[in-house]
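Q: Need a 3D model of the sequence below.
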Amino acid sequence: MTADLDTKTGINKIVQIKPVTNQQELRCRGCAGSLSRIKRGLFVRTFLSWLPVKHYVCYRCSRKTYRLDRKA
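A: The predicted model follows:
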């Protein structure tokens, strides 16, 4: 964040950093609510640790899902 300072009136203008356009907020497939990250289960951590999966939960409908991490 950058700010232009004016000595008489203080901060004149604040320019906010925009998020990267290709990053989209993950949505639930059931209710279209936002998803939050949670810890992976013991089985996935132990036996499938080589897979780039992430565990998400929707607090609106209590649905849990694993999604592949496309960045890895």
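Q: Tell me where this protein is predicted with low confidence.
A: Low-confidence segments of the chain (pLDDT under 70): 1-23, 72.
Q: So which residues of it form strands?
A: Counting by DSSP state E, the chain has strands at residues 2-6, 10-15, 36-38, 53-58, 63-68.
Q: mind saving the C-alpha coords of the fourth one as CSV?
A: Written as CSV, here are the backbone C-alpha positions of strand 53-58 (Å, rounded to 0.1, in the frame of the first residue of the first chain):
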residue,chain,number,x,y,z
VAL,A,53,-4.2,-32.4,-2.1
LYS,A,54,-5.7,-29.8,0.3
HIS,A,55,-8.6,-30.3,2.7
TYR,A,56,-11.4,-27.8,2.8
VAL,A,57,-14.6,-27.3,4.8
CYS,A,58,-17.7,-25.3,4.1
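Q: Give me the angle between that strand and strand 63-68.
A: Taking axes from the mean of the first three to the mean of the last three CA atoms, to 10 degrees, one finds that strand 53-58 is oriented at 150 degrees with respect to strand 63-68.
Q: Run me through the strand neighbours of strand 53-58, direction for each.
A: In the sheet, strand 53-58 lines up against strand 36-38 (antiparallel), strand 63-68 (antiparallel) (DSSP bridges).
Q: which of the ones you listed sits most buried?
A: Highest mean neighbour count among the strands paired with strand 53-58 (mean count of other CB atoms under 10 Å): strand 63-68, with a mean of 13. From N, CA and C alone the C-beta is placed, and that goes for glycine too.
Q: hmm, who's touching it?
A: 26, 28-31, 35, 38, 40, 44, 51-58 (CB atoms under 8 Å, 6 or more residues apart in numbering).
Q: Any of those residues buried? List them.
A: With neighbours counted using 16 or more other CB atoms under 10 Å, the contacts of strand 63-68 contain these buried positions: 26, 28, 35, 40, 54-56, 58.
Q: Thank you kindly, that will do.
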